[in-house]
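A.B. asks: Quick one, what's the 3D model for this:
(one chain, ligands or ions: 1)
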Amino acid sequence: MQVAIAGAGIVGAAIAYELSQVPGLELCVFEACPQPATGATGAALGVMMGIISQKTKGRAWRLREQAVQRYDSLIAELEDRTGQSILYNRQGIVSLRFAPDERLERWQTLQAQRQAQGYKLELWDRDTLLEHCPHITHPDICGAVYSPGDRQVDPVALTQVLLQAAQLNDVQVHYNQPLKRDSQGELRDGAGEAIATDAYILTAGLGTVQLVPDLDLRPVLGQAWRVKLSAPLGQPDFQPVITGEDVLVVPLGAGHYWLGATVEFPDEAGMVVAQAEAKAEFWRKALRFFPALAEAEITAEWSGLRPRPWGQGAPVIMEVESDRPTLVAAGHYRNGVLLAPGTAQVVKDWVLGLG
Ligand SMILES: Cc1cc2nc3c(=O)[nH]c(=O)nc-3n(C[C@H](O)[C@H](O)[C@H](O)COP(=O)(O)OP(=O)(O)OC[C@H]3O[C@@H](n4cnc5c(N)ncnc54)[C@H](O)[C@@H]3O)c2cc1C
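C.D. replies: Next up is the predicted model:
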């Protein structure tokens, strides 16, 4: 059976790799740009809030649990298969708690639920936090939740390596080849030619709306930064991702960090541009908790558009009407890196169901 995948972001790449291991499939990826991971994936920080998320049941938890269970082995498998190394942080995620600690009870409930599910969350008081992260001294911080089992990965490197491994398994990847919808509603390649395929998987992020009528995905902008410090924040041998009040501090090694991201919604006309006020507000929060960042040199600055579904939950994984079986897997909003392996699993089950 032939399957065409539209879009080589993290979601399309994870699907291509997963399906490349199914015997008897001929897979083709069509990517609009000259290289992979140029959409939301290219802006992402790769933080995977799985165990530490408040989702505990249903599809939302299932997709997260698949990431938690799959990522360690996936990274090892990809590095082994391609000989490439991927920046992958196994030191967990620390989520700061602020006084008055109104969410403590919620965290305690989550900790008990995760324990029953076989996962560990530690509730740290202020002294324990200071022991592990001596640089976090702000008086409003009364403790933290530490999730040792959550991870962070370089999303662009991961996307490239997933595609490389898929290509080693005979997947064809075509760049500069946007899929298009013609006036009859049929999907065509960039040259307007019909595509030889039995099924489509549409993973074109925000671009998916051009391919599927009535699909409502809207952009939510995020600004992010790479900074360099003369010394690592806190203890050099304990460099987890730290998050508080929507500020993520992602260690990259040797005093380099990613910081992000703002959350900026479109205006009534659907337009969204990076706002100076959102940047100022982000930095005000970041400097409050991480005063050492005042000395940081900003070495890169960028923004990206998260694909957010309107009127339904993220992500959108659904079959749509077409001349051939067609599955949309898009709209992963703030968690596409986290949810990519679980999405790939759902897509694989759908493809296997086509017989
Ligand atoms: C600043 C920022 C920080 C983020 N941080 C995190 C994080 O820490 N953790 C996390 O899990 N998520 C994070 N996200 C969210 C994450 O980036 C997205 O959910 C994820 O990248 C979506 O992946 P995707 O493959 O669906 O879409 P995209 O990455 O947008 O990929 C879609 C691809 O399809 C291509 N395309 C478009 N139209 C067509 C067409 N017609 N034909 C063929 N190809 C087409 C595009 O060129 C693109 O390569 C962040 C996002 C932003 C902006």
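A.B. asks: Whichever helix or strand residue 67 is part of: which residues count as buried?
C.D. replies: Residue 67 belongs to helix 58-82 when assigned by DSSP states H and E. Buried residues in helix 58-82, counted by 16 or more other Cβ atoms under 10 Å: 60-61, 63-68, 70-71, 74-75, 78, 82. Bear in mind the C-beta positions are built from the backbone N, C-alpha and C, glycine included.
A.B. asks: and the helix or strand following it with the ligand, contact?
C.D. replies: Next along the chain after helix 58-82, taking DSSP H and E as the criterion, comes strand 88-89. No. If you take Cβ under 6 Å from any ligand atom as the test, strand 88-89 misses the ligand, and the best it gets is 11.4 Å.
A.B. asks: separation between residue 15 and the ligand?
C.D. replies: 9 Å (Cβ to the nearest ligand atom, to the nearest Å).
A.B. asks: average pLDDT across the helix or strand hosting that residue?
C.D. replies: Assigned by DSSP H and E, residue 15 belongs to helix 10-19. The average pLDDT for helix 10-19 rounds to 98.
A.B. asks: Please pull up the helix or strand immediately following it.
C.D. replies: Following helix 10-19 in sequence, per DSSP H and E, is strand 26-30.
A.B. asks: So what touches that following strand?
C.D. replies: 1-8, 12-13, 16, 19-20, 163, 166, 170-174, 177-179, 189-190, 195, 197 (Cβ atoms under 8 Å, 6 or more residues apart in numbering).
A.B. asks: do stretch 55-66 as well
C.D. replies: Contacts of stretch 55-66 (Cβ under 8 Å, 6+ apart): 49-51, 53, 110, 113, 117, 313, 315, 338-339, 341-343, 345-346.
A.B. asks: again, 6 Å this time
C.D. replies: Applying Cβ atoms under 6 Å, 6 or more residues apart in numbering, the contact partners of stretch 55-66 are 50, 53, 113, 339, 341-342, 345.
A.B. asks: what's the answer for stretch 12-23, then?
C.D. replies: 5, 25, 27, 29, 159, 162-163, 165-166, 169, 171, 201, 203, 340-341, 344, 347-348.
A.B. asks: Report the buried members of those residues.
C.D. replies: Buried among these (16+ other Cβ under 10 Å): 5, 25, 27, 29, 159, 162-163, 165-166, 171, 201, 203, 340-341, 344, 347-348.
A.B. asks: If we check the ligand, which of the residues you listed are in contact?
C.D. replies: By Cβ under 6 Å from any ligand atom, the members of the buried ones among the contacts of stretch 12-23 lying near the ligand are residue 203.
A.B. asks: and stretch 188-200, average pLDDT?
C.D. replies: On average, stretch 188-200 scores 94.
A.B. asks: can you check stretch 77-88 too?
C.D. replies: Here the average pLDDT along stretch 77-88 is 98.
A.B. asks: still on that earlier bit, just want the angle from the helix holding residue 67 to helix 10-19.
C.D. replies: 70 degrees (axes from the mean of the first three to the mean of the last three Cα atoms, to 10 degrees).
A.B. asks: heads up, I number from 40, so please use that
C.D. replies: Okay, residue one is now 40; in that scheme the one you just asked about reads as helix 97-121.
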